[in-house]
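Asker: curious how this folds, go ahead:
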Amino acid sequence: MTDYGTMPMTGLPKRVTVYEVGPRDGLQNEKALIPTEVKAEFIRQLLAAGHQAVETTSFVSPQWVPQLADASELLQLLDRPDGVRMPVLVPNDKGLNRALDAGVREIAVFGSATETFAQKNLNRTVAESLDMFRPVVDRARSQELMVRGYLSMCFGDPWEGAVDPHVVAAHARTLFDMGVTELSLGDTIGVATPGQVAALLEALGHQGISTDQLAVHFHDTYGQALANTLVALQHGITVVDASAGGLGGCPYAKSATGNLATEDLLWQLHGLGIETGVDLDALVRTSTWMAEQLGRPSPSRAVQALSKKE
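Answerer: The predicted structure follows:
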């Protein structure tokens with residue numbers, strides 16, 4: 001990468017953990033089944049690039065997400081280095097059983113901030129879905145597993161419109177009281193703008209939830225993901241979800257486009273002098289390789305720009 005220099009800003013963290021969701025959230029909506037070995041190589045390359053948190057797969061029913069039906073086989077192909085987070089998403093107690101059998105050290109559960117999306121995604125009300133997670137979180141924590149929670153539709157919902165930040169904060173409080181160790185706030189359809197991000201983080205603070213317990217998960221539907229990330233950093237967030245090459249969307253929300261591209265995020269963070277531990281050049285090569293496997297170019301602006309320089 002050509003070094004154009006860095007220019008720090010006051011009030012930002014010195015280091016940010018990039019939580020890589022490409023192998024799970026990025027690939028789950030691909031229609032053509034990707035060979036398990038290709039997924040494993042993708043994860044190996046992400047780890048080799050310096051990632052310290054890579055969400056690998058999901059123990060969801062193959063009926064609902066056929067792309068991730070090979071979760072157990074995939075994990076058998078991977079080394080799991082000490083000190084590196086490699087969580088898997090589990091939807092219920094059955095999924096937790098499979099995760100425990102696979103020797104997983106961290107799981108994630110996925111909830112909704114809105115009633116309509118909870119029904120479409122989980123076929124339950126928000127309250128019913130939280131009740132479903134409770135025994136999963138209890139048992140995982142009793143086994144000394146870390147538990148990440150996701151809340152989707154935190155800013156806007158395609159069926160309900162704008163989402164009240166105080167409602168989101170109340171659901172977040174329930175998840176922390178349940179025992180989750182980290183909560184990722186999802187802008188699932190990419191409609192958030194910076195003022196909404198600030199308002200939600202303030203509402204969460206009123207619930208006694210500190211920013212060191214939180215992560216942000218932005219989609220770039222309207223080109224706002226990096227602006228929203230910067231505001232989150234200014235409010236103390238130090239964990240940012242992103243997907244290598246900008247892979248991903250949401251199978252239950254047709255207006256959701258891809259996740260924030262990890263490379264675009266790294267260009268911003270490194271330009272601000274923020275440490276991530278991730279090698280941008282190596283990641284560009286990985287995303288270029290993965291795009292070849294998928295048969296289409298990466299939508300990441302940084303991947304497009306930097307791959308042309310090589």
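Asker: residue boundaries of the strands in this structure?
Answerer: Applying DSSP state E to the chain gives strands spanning 17-20, 57-58, 88-89, 106-112, 146-152, 156-157, 161-162, 182-187, 214-218, 239-242.
Asker: in TSV: those, plus distance to Met290, mean neighbour count and mean pLDDT.
Answerer: C-beta here means a position set from N, CA and C on the backbone, and glycine is covered the same way. Below are the strands of the chain laid out as TSV (distance: least, Cβ to Cβ, whole Å; neighbours: other Cβ atoms under 10 Å; pLDDT from 0 to 100):
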stretch	distance to Met290	mean neighbour count	mean pLDDT
strand 17-20	12	23	98
strand 57-58	15	28	98
strand 88-89	20	26	98
strand 106-112	22	23	96
strand 146-152	23	23	97
strand 156-157	29	21	96
strand 161-162	35	10	96
strand 182-187	22	26	98
strand 214-218	20	24	98
strand 239-242	14	26	98
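Asker: nearest to Pro8, out of these?
Answerer: strand 239-242 (17.1 Å; Cβ to Cβ).
Asker: separation between the residue lying closest to Arg134 once chain neighbours are set aside and Asn92?
Answerer: Once flanking residues are discounted, Arg134 sits nearest to Met178: 5.6 Å by Cβ to Cβ, 6 or more residues apart in numbering. The spacing between Met178 and Asn92, counted by Cβ to Cβ, to the nearest Å, is 15 Å.
Asker: among those two, which residue is more densely surrounded?
Answerer: A count of neighbours by other Cβ atoms under 10 Å puts Met178 above the other of Met178 and Asn92, at 19 against 16.
Asker: surely Gly258 and Asp220 touch.
Answerer: Yes: with contacts counted by Cβ atoms under 8 Å, Gly258 reaches Asp220, the gap being 6.4 Å.
Asker: overlap in contacts of those two?
Answerer: Gly246 (Cβ atoms under 8 Å, 6 or more residues apart in numbering).
Asker: in the chain, what helix or strand scores lowest on average pLDDT?
Answerer: Of all helical and strand segments in the chain, the minimum by mean pLDDT, DSSP states H and E falls on helix 115-122, at a mean of 88.
Asker: in CSV, could you pull the C-alpha coordinates for it?
Answerer: Extracted in CSV, the C-alpha atoms of helix 115-122 (Å, rounded to 0.1, in the frame of the first residue of the first chain):
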residue,chain,number,x,y,z
GLU,A,115,-41.4,-7.0,16.2
THR,A,116,-41.9,-7.4,12.5
PHE,A,117,-38.3,-8.5,11.8
ALA,A,118,-38.4,-10.9,14.8
GLN,A,119,-41.5,-12.6,13.3
LYS,A,120,-39.9,-12.8,9.8
ASN,A,121,-36.5,-13.9,11.0
LEU,A,122,-37.3,-16.0,14.1
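Asker: now it, how far from the chain's geometric center?
Answerer: Here helix 115-122 shows a centroid-to-chain-centroid distance of 19 Å under the convention Cα atoms, centre = their mean, to the nearest Å.
Asker: which strands or helices does that helix pack on?
Answerer: Where contact means 3 or more Cβ pairs under 8 Å, 6 or more residues apart in numbering; DSSP states H and E, helix 115-122 is packed against strand 106-112, helix 126-142.
Asker: so what's Gly236 up against?
Answerer: Neighbour list for Gly236: 13, 201, 210-212 [criterion: Cβ under 8 Å, 6+ apart].
Asker: returning to that earlier point: so which of the helices and strands packed on helix 115-122 is the most packed in?
Answerer: strand 106-112 (a mean of 23; mean count of other Cβ atoms under 10 Å).
Asker: which neighbours does that strand have in its sheet, and in what orientation?
Answerer: Here strand 106-112 is paired, per DSSP bridges, with strand 88-89 (parallel), strand 146-152 (parallel).
Asker: of those strands, give the one that comes closest to Gln293.
Answerer: For Gln293, the closest of the strands paired with strand 106-112 is strand 88-89, at 21.4 Å, according to Cβ to Cβ.
Asker: what stretches of the stretch 201-310 of the chain score poorly on pLDDT?
Answerer: 249-257, 310 (pLDDT under 70).
Asker: all helices for it, in order.
Answerer: Using DSSP state H, counting those that start in this stretch, the helices of the stretch 201-310 of the chain run over residues 225-234, 262-271, 280-294, 301-309.
Asker: Gly149 - nearest residue in space that isn't next to it in sequence?
Answerer: Spatial nearest neighbour of Gly149, chain neighbours left out: Val180 (3.9 Å); criterion: Cβ to Cβ, 6+ apart.
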